[in-house]
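**Student:** need a structure here:
(chains A, B, C and D)
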Number of protein chains: 2
Amino acid sequence: MPRQVDHQARRKLIAEALWRVARQRGMDAVSMRHVATEAGVSVGMVQHYFRTKDQMLSFALETIGERVAERIGARLAELPGDCAPVRRVRAMLLELLPLDAARHLEAHVGFAFFTRAAVEPGLATRLREQYPEFVGFVAAEVGRARGDLDADREARALMALVDGLAAHVLVGYESPEGAAEVLEGRLAEVFGG
Amino acid sequence: MPRQVDHQARRKLIAEALWRVARQRGMDAVSMRHVATEAGVSVGMVQHYFRTKDQMLSFALETIGERVAERIGARLAELPGDCAPVRRVRAMLLELLPLDAARHLEAHVGFAFFTRAAVEPGLATRLREQYPEFVGFVAAEVGRARGDLDADREARALMALVDGLAAHVLVGYESPEGAAEVLEGRLAEVFGG
DNA sequence: CTTTTTACGATACGTTCGTATTGTTACAGT
DNA sequence: ACTGTAACAATACGAACGTATCGTAAAAAG
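**Tutor:** Below you'll find the predicted structure:
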């Protein structure tokens, strides 16, 4: 057996370079060569870990989804177990808004894959795996706080709202603060009274 | 003077071909050659009306925005002048959801340009021209119906919601009917009581 | 009829792309 | 020490790209 390297770490290194290229120069600029250069490696190495460009893109998408999910999990873990539902929902939804550079990158890359998924069914299928879990979580919290509301519909509305707000921040319709303000207003309406 | 042709009609012909390519094969497939083939014309002709690809893309974006605005205007004109604010807002927002093939195309192309605009500042500037008008209209109607609410914030929330719902329909999170149902629920909450 | 300008079609050029191929290096196993 | 294979690097290849150039047809102006 020859020398062993951490495959997962190498793939993550390449995926992170891909994200930077996508954010700084757009999805059109995401090529094997540009990603390799951004990562500081050769094209051959990228090819060694991703046999095709599609495999590279798919991995980068799945990984960024996991990254968001992990951060949400960390935020929720910081909260006391018996805290109010609104706090848990707010903590989660705020992680989906582009309020800092890291989340801006995630939102940008996410939307790039959204438009791509509208054409490639395989990508859309993978994207859809995560969503019901998020909606289910929000719906459960809404149901706990407000039994009189249609929890599922409210949860879907909140999820759509944050994605729409994220898009509006990306194109400059909204400032990050403005988006957070709009979300806060909705949370007050849903959980407030 | 040589023969005269309708420049605007030719440019529209090409833009519509671009939209079809973008929807059927994705933004990556939008090339001079593919658009020309889809329009049934030569590459030389496309070049005659758009000196660069960027000019072609910019025109296609502006035109689709105008198309949506025109359809909204037509819908509003059908309503009686003294009808309830909620009906005017609903008529407008429903035109932004991908509920049929035409609006699906518009939403898809619009989102493709969203992600592009996040990298090209010039495109983002043009996109931003239309938005305040939409928000202003919704805010005015909300204000008319509910003086007790923050009309501007509610309007921005509604606009973000429909854009988020449109995205969710595109990737298959929501069915068109589901998105319409979520929107209807929000309209009832805002205007209902 | 002649001229002039527009409206194209055809094609060529240089670049960049994804991928295949080939070569080299370094280390685990015997 | 030897060997085989994983881990790369370098490069080559054909296709597709945006754009430039050139040629031609047609119609309005004189």
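
**Student:** which sections of chain A are below the confidence cut-off?
**Tutor:** For chain A, the stretches with pLDDT under 70 are A:1-2, A:193.

**Student:** Return the residues of it in contact with DNA strand D.
**Tutor:** Neighbours of DNA strand D within chain A, by C-beta under 7 Å from any atom of the strand: A:1-5, A:7, A:10, A:41-45, A:47-48. C-betas here are computed from N, CA, C, even on glycine.

**Student:** Filter these down to the buried ones.
**Tutor:** By neighbour count, with 16 or more other C-beta atoms under 10 Å in any protein chain shown, the residues of chain A next to DNA strand D hold A:Arg10, A:Val41 as buried.

**Student:** so which two of the residues of chain A next to DNA strand D are the farthest from each other?
**Tutor:** Using C-beta to C-beta, the residues of chain A next to DNA strand D reach their maximum pairwise distance at A:Met1 and A:Val43, which is 25.7 Å.

**Student:** So for the longest helix along chain A, what gets flagged as buried?
**Tutor:** Criterion DSSP state H: the longest helix present in chain A is helix A:53-78. Buried residues in helix A:53-78, defined by neighbour count with 16+ other C-beta under 10 Å: A:56-65, A:67-68, A:71-72, A:76.

**Student:** contacts for stretch A:114-128?
**Tutor:** A:27, A:57-58, A:61-62, A:65, A:113, B:23-27, B:108, B:111-112, B:114-115, B:167, B:170-173 (C-beta atoms under 8 Å, 6 or more residues apart in numbering or on different chains).

**Student:** again, only this time at 7 Å
**Tutor:** A:58, A:61-62, A:113, B:25-27, B:108, B:111-112, B:115, B:167, B:170-173 (C-beta atoms under 7 Å, 6 or more residues apart in numbering or on different chains).

**Student:** For chain B, see how far away whichever residue of chain A sits closest to DNA strand D is.
**Tutor:** Here the residue of chain A nearest DNA strand D is A:Gly44; by C-beta to the nearest atom of the strand that distance is 2.4 Å. When C-beta to the nearest C-beta, to the nearest Å is the yardstick, A:Gly44 and chain B sit 24 Å from each other.

**Student:** Helix or strand: which one has that residue?
**Tutor:** If you go by DSSP states H and E, A:Gly44 is part of helix A:43-49.

**Student:** what does chain A have sitting close to chain B?
**Tutor:** A:25-27, A:108, A:111-112, A:114-119, A:124, A:127-128, A:131, A:150, A:153, A:156-157, A:160-161, A:163-165, A:167-168, A:170-174, A:181-182, A:185-186 (C-beta under 7 Å from any C-beta of the partner chain).

**Student:** Count residues in the vicinity of whatever residue of chain A ends up closest to chain B, would you?
**Tutor:** Using C-beta to the nearest C-beta, the closest approach of chain A to chain B is made by A:Gly164 at 3.0 Å. A count of nearby residues for A:Gly164, using other C-beta atoms under 10 Å in any protein chain shown, gives 27.

**Student:** I figured it hits B:Ala166, correct?
**Tutor:** No: in this structure, A:Gly164 is not within contact of B:Ala166 by C-beta atoms under 7 Å, at 8.1 Å.

**Student:** quick one: A:Glu38 from DNA strand C, how far?
**Tutor:** 12 Å (C-beta to the nearest atom of the strand, to the nearest Å).

**Student:** how about the nearest residue to that residue once chain neighbours are set aside, what does it touch?
**Tutor:** Nearest residue to A:Glu38, sequence neighbours excluded (C-beta to C-beta, 6 or more residues apart in numbering or on different chains): A:Ala17, at 4.1 Å. Applying C-beta under 7 Å, 6+ apart to A:Ala17 gives the contacts A:Val35, A:Glu38, A:Ala39.
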